[in-house]
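[1] only geometry, no sequence info:
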C-alpha cells in the first residue's frame, strides 16, 4: 500500500508514510479512510514522511489534496504538520503544498531530514501547551 498511517491517540499524532509511486487517487483514498477511522480523534498533529516516495505531484494535484484536507476538517482538525521530503524536486513541490494547504493547519513546515521534522513537531507541541 503506497500510503499508510498510524495514529497515536495519546499524543494526538498521525504518522503518514508514502512509498513509491503515489497517485492522487491513493492520497484521496487515504483521507477517506482516515475520515471513517473510529480511532481518529477530532484533532491531530501530522508527521508526513515522503522520503521513500518516487512520484512527483503536479500543481493541480497539490490543489486537489488541499481541497480534500478542507473537506475532512469537519471530522478532524489538523494542527502542526511536519513534512519530510528528501528529493529536491519533491521538496520544492511540498513547499508549494505548504502554501496552498497552510490555511488548514495551525503550522506546516517541510524538512529534508526526519530528525529535524521530529524536533520541530515536538517544539510546536510544547508551544501549544
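    Looks like it came in fine. The shown structure was predicted, so the numbers you read here are calculated from the model rather than taken from an experiment.

[2] can you list the low-confidence ranges for this structure?
    With pLDDT under 70 as the threshold, the chain has low-confidence stretches at 1, 126-129.

[3] need the strands for it, in chain order.
    Listed in chain order, the strands of the chain (DSSP state E) span residues 3-8, 13-20, 43-53, 77-84, 107-111.

[4] direction included, what does the longest one pair up with?
    This means strand 43-53. Strand 43-53 sits in its sheet next to strand 13-20 (parallel), strand 77-84 (parallel), going by DSSP bridges.

[5] just how off-centre is the last one within its chain?
    Its chain's average C-alpha position is 6 Å from that of strand 77-84, according to C-alpha atoms, centre = their mean, to the nearest Å.

[6] quick check: angle from it to strand 107-111?
    Taking axes from the mean of the first three to the mean of the last three C-alpha atoms, to 10 degrees, one finds strand 77-84 and strand 107-111 inclined to each other by 10 degrees.

[7] how about the helices in the chain?
    Taking DSSP state H to define them, one finds helices in the chain at 24-36, 59-72, 88-101, 114-128.

[8] got the ones you listed as CSV, with mean neighbour count and distance to residue 53 columns?
    C-beta: built from backbone N, CA, C; applies to glycine. Formatted as CSV, the entries for these read as follows, by neighbours: other C-beta atoms under 10 Å; distance: least, C-beta to C-beta, whole Å:
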stretch, mean neighbour count, distance to residue 53
helix 24-36, 15, 11
helix 59-72, 16, 13
helix 88-101, 16, 6
helix 114-128, 14, 13
